[in-house]
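Novice: pasting the sequence and the predicted coordinates here, then a few questions.
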Amino acid sequence: MARWLITGAGGQFGSVLLRALVRDGQDAVGTLSFHGPSPMVGTFTRMDLGDADAIAEVVRKNRPSMIVHAGAITSIQAAYEDPERTRRVNVAATTALMELAEECRARLVFTSTDLVFDGSAAPYVEDAPPSPLSIYGRSKAEAEGIVRSYAHGVVVRLALMYGLAAVDRPTTFHSQLDALRNGRTLSLFLDEYRTPIWLEDAALAARRIAESDYAGILHVAGPQRLSRLEMGWIAARAMGVSGECIVATRQSEMQTPELRPADVSLSCERFITHFGQAPGRPMAEAMAEIVTNG
Ligand SMILES: NC(=O)c1ccc[n+]([C@@H]2O[C@H](COP(=O)([O-])OP(=O)(O)OC[C@H]3O[C@@H](n4cnc5c(N)ncnc54)[C@H](OP(=O)(O)O)[C@@H]3O)[C@@H](O)[C@H]2O)c1
C-alpha cells in the first residue's frame, strides 16, 4: 500500500484529499502550517514549508511513496505583498520536496493553477506556454518546471475550486453562501471566466493521477466555462434563494495591483483520454450535493 504525505492538509484541497484517503483506509499523513486549523479527519504534523531542514526531517521520518504537494501561499494579494516569502514557500519548498522524493523514490504530485496563464487564449491545453500575470502565478509556473524535471513528477493544474473544506475555517465560498442565504450584496464579475471544479472531484482526480504512472502535466477542471456571476446564480438556484442580492460587476471596476486574467478556462481532453471520463461534474450537480449533504 502507498504511504501518502500531503502538504497543505490544513487547506481546502489538502484537507479534502486527506479525508478521502483516510476514509478509504489509506496510510496517509498531512502536513500543516504552525498556525492554521487542523483537518477534521486524519493524522498530521506541523511544518513550515519555508524551512527546508524541517521539510527534510518530516519527509525522512515518514518515508512516503507518494507526496502530494498542495501547500502554498495561494492568495494573489499575499504573494504580491511578500514575493521573497512566496518564492521560499512556493518554489524553494518544491525543490526540496522534489529532491526528497528522489531520495525516497516517491512519486511527486504538484498542484499548480490555471493562473499560470494570462487569460488571453482560452481554453488552455497542457502544452500552452505559461504566461502568468501575478507573482503567485509566476511562482507556480517556476515550481512546475522543477517538478517536470523529475521523472516521477506530475503537475496537476487545477482550475478554480469551490466547495466545503474539511477544516473548520471559513473560506470565500462560505462567505458567498452566507451572503446568498442572508440576502447581503454579493458582487461578482461578469467578465471573468474559469472552469470551476468541486473540491471533492478535484481531490478524486488528483488521487487517480497520483495512482497512475502519468508523468508531465494534466489539467483538472470542471466541464463548464462559467463567469463568476454565472457561478453565483447556479449556487443561488441550488440553495433555493432568489439571488437578487447578486450584483454584476466588471474586472475594470476593481483596483488590483496586478492584472486579473479574463478567461483561464482549462481543457481536460488529455485527462479524459487517459482516464476515460471528465474529472469534474457540472456545477449545478455539485451544488445540489453540497446543499443536501454539506
Ligand atoms: N483554491 C483554488 O481555487 C485553487 C485553484 C487552482 C490551484 N490551486 C492550488 O491548489 C493547491 C491547494 O489550494 P487550496 O485552495 O487548498 O489552498 P489553501 O486553502 O490556501 O491551502 C494551502 C495550505 O498551504 C499552507 N501553507 C501556506 N504557507 C505555508 C507554510 N509556510 N508552511 C506550511 N504550510 C503553509 C496553508 O496554511 P495556512 O493557511 O495555515 O497558512 C494552507 O493550509 C495550491 O497549490 C494552489 O496553488 C488552488
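Specialist: Thanks, I have the structure now.
Novice: who's the spatially closest residue to Gly216 that is not a sequence neighbour bridged to?
Specialist: In space, and not counting its chain neighbours, Gly216 is closest to Val154: 6.6 Å by CB to CB, 6 or more residues apart in numbering. C-beta: built from backbone N, CA, C; applies to glycine. Note on Val154: beta-bridge partners by DSSP bridges are Val109, Gly216.
Novice: please list the residues of the stretch 51-200 of the chain that sit near the ligand.
Specialist: Taking CB under 6 Å from any ligand atom as the contact definition, the stretch 51-200 of the chain meets the ligand at 70-74, 89, 111, 113-114, 140, 158, 160-161.
Novice: domains in the chain, by residue range?
Specialist: 3-162+197-220, 172-194+224-264+282-293 (automatic domain parsing).
Novice: which one of the ones you listed lies nearest to His274?
Specialist: Nearest to His274, of all these, is domain 3-162+197-220, at 6.2 Å by CB to CB.
Novice: can you give me the strands in the stretch 151-294 of the chain?
Specialist: 153-158, 161-162, 186-189, 193-194, 197-198, 216-220, 226-227, 246-249 (DSSP state E, counting those that start in this stretch).
Novice: point out the most buried one among the domains of the chain.
Specialist: domain 3-162+197-220 (a mean of 20; mean count of other CB atoms under 10 Å).
Novice: ends of that domain, how far apart?
Specialist: Domain 3-162+197-220 has an end-to-end distance of 23 Å (CA to CA, to the nearest Å).
Novice: how far does it sit from the chain's center?
Specialist: 8 Å (CA atoms, centre = their mean, to the nearest Å).
Novice: same question for stretch 156-170.
Specialist: The answer for stretch 156-170 is 7 Å, by CA atoms, centre = their mean.
Novice: now swap in stretch 234-244 and tell me
Specialist: 25 Å.
Novice: tell me the contacts of Glu211?
Specialist: By CB atoms under 8 Å, 6 or more residues apart in numbering, the residues touching Glu211 are Ala2.
Novice: from Gly163, how far out is the residue nearest to Gly216?
Specialist: 23 Å (CB to CB, to the nearest Å).
Novice: check Ala92 too.
Specialist: 30 Å.
Novice: touching, Thr113 and Val156? I think so.
Specialist: No - using CB atoms under 8 Å, Thr113 makes no contact with Val156, being 9.9 Å away.
Novice: any chance of the domains of the chain in TSV, with mean pLDDT and distance to His274 too?
Specialist: Shown next, in TSV, are these (pLDDT from 0 to 100; distance: least, CB to CB, whole Å):
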stretch	mean pLDDT	distance to His274
domain 3-162+197-220	97	6
domain 172-194+224-264+282-293	97	21
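Novice: nearest to Phe271, of the ones you listed?
Specialist: That would be, of those and by CB to CB, domain 3-162+197-220, which comes in at 5.4 Å.
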